[in-house]
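> Below is the structure, and that's it, no one-letter string:
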């Protein structure tokens, strides 16, 4: 591999499996045409995966299934937001789907965006951005936005023990303190629930 390919790969691997990215994520260090060429070659070598035109990821791998997992749709949405300098916010229903809290099977994930309305095809999934005024864009971490939007859409009376178990399983213990600080401005019942979930995550961790 060339020097540029090695440097790009080092940065990708440094972010860990599941990281989604475009050439824009490397323009601070390399020329655009060199990045595109390097990403194309790295995907051909199987070092990274091309998931859509100009979009790549370092796929997560399941030892149980013995195969690479599907791309992280939220990661792809945020990579596109970085590329186009959009502010985005996952829709409530899509947040529920992302967390496997919705009984409705969907191949369409919707994000509200400060940019233009646009759709992208990612395998069998459609990722749609809808231009809207954003209400919860103040959250620093994507996990915060996903949690708040999902719980808002679900409603306090529909948060069952099964829902809590799924959220506890999903949340990374390393993110708990950051999310707690990040979501202090959320509706009181949502913040109290996030505190409860984080407490259980830390207890089980």
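Nice, thanks for sending it over. Note that this is a predicted model, so its numbers are computed, not measured.

> Quick check: the closest residue to residue 159 other than its chain neighbours vs residue 147, distance?
The spatially closest residue to residue 159, leaving aside those adjacent along the chain, is residue 193, at 6.4 Å (CB to CB, 6 or more residues apart in numbering). Every residue, glycine included, has its C-beta placed from N, CA and C. Applying CB to CB, to the nearest Å, one obtains 9 Å for the distance of residue 193 from residue 147.

> Looking only at neighbour counts, state which of those two leads.
residue 147 (25 against 20; other CB atoms under 10 Å).

> any idea how far the one helix or strand the more buried one maps to is from the chain center?
Assigned by DSSP states H and E, residue 147 belongs to helix 142-154. The chain centre lies 12 Å from the centre of helix 142-154; the measure is CA atoms, centre = their mean, to the nearest Å.

> Kindly report the same for stretch 71-83.
Worked out by CA atoms, centre = their mean, stretch 71-83 lies 6 Å from the chain centre.

> what comes up buried for it?
71-81, 83 (16 or more other CB atoms under 10 Å).

> Residue ranges of each domain in this protein, please.
Listed by automatic domain parsing, the domain ranges of the chain are 3-68, 73-204.

> re earlier: what's near enough to touch the residue nearest to residue 159?
For residue 193, the contacting residues are 151, 156, 159, 164, by CB atoms under 8 Å, 6 or more residues apart in numbering.

> Please apply the same query to residue 2.
Residue 2 sits next to residue 38 when contact means CB under 8 Å, 6+ apart.

> For the buried residues of stretch 71-83, could you give me TSV that also reports distance to residue 126 and secondary structure?
Shown next, in TSV, are these (distance: CB to CB, whole Å; DSSP: H, G, I helix; E, B strand; the rest coil):
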residue	distance to residue 126	secondary structure
71	13	coil
72	15	coil
73	10	helix
74	14	helix
75	16	helix
76	12	helix
77	12	helix
78	17	helix
79	16	helix
80	13	helix
81	17	helix
83	18	helix
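
> Would you convert those into JSON lines that also reports pLDDT and distance to residue 114?
As requested, the buried residues of stretch 71-83 are exported to JSON lines (pLDDT from 0 to 100; distance: CB to CB, whole Å):
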{"residue": "71", "pLDDT": "93", "distance to residue 114": "23"}
{"residue": "72", "pLDDT": "93", "distance to residue 114": "22"}
{"residue": "73", "pLDDT": "93", "distance to residue 114": "19"}
{"residue": "74", "pLDDT": "92", "distance to residue 114": "17"}
{"residue": "75", "pLDDT": "95", "distance to residue 114": "19"}
{"residue": "76", "pLDDT": "96", "distance to residue 114": "17"}
{"residue": "77", "pLDDT": "96", "distance to residue 114": "13"}
{"residue": "78", "pLDDT": "95", "distance to residue 114": "13"}
{"residue": "79", "pLDDT": "97", "distance to residue 114": "16"}
{"residue": "80", "pLDDT": "97", "distance to residue 114": "12"}
{"residue": "81", "pLDDT": "95", "distance to residue 114": "9"}
{"residue": "83", "pLDDT": "96", "distance to residue 114": "14"}
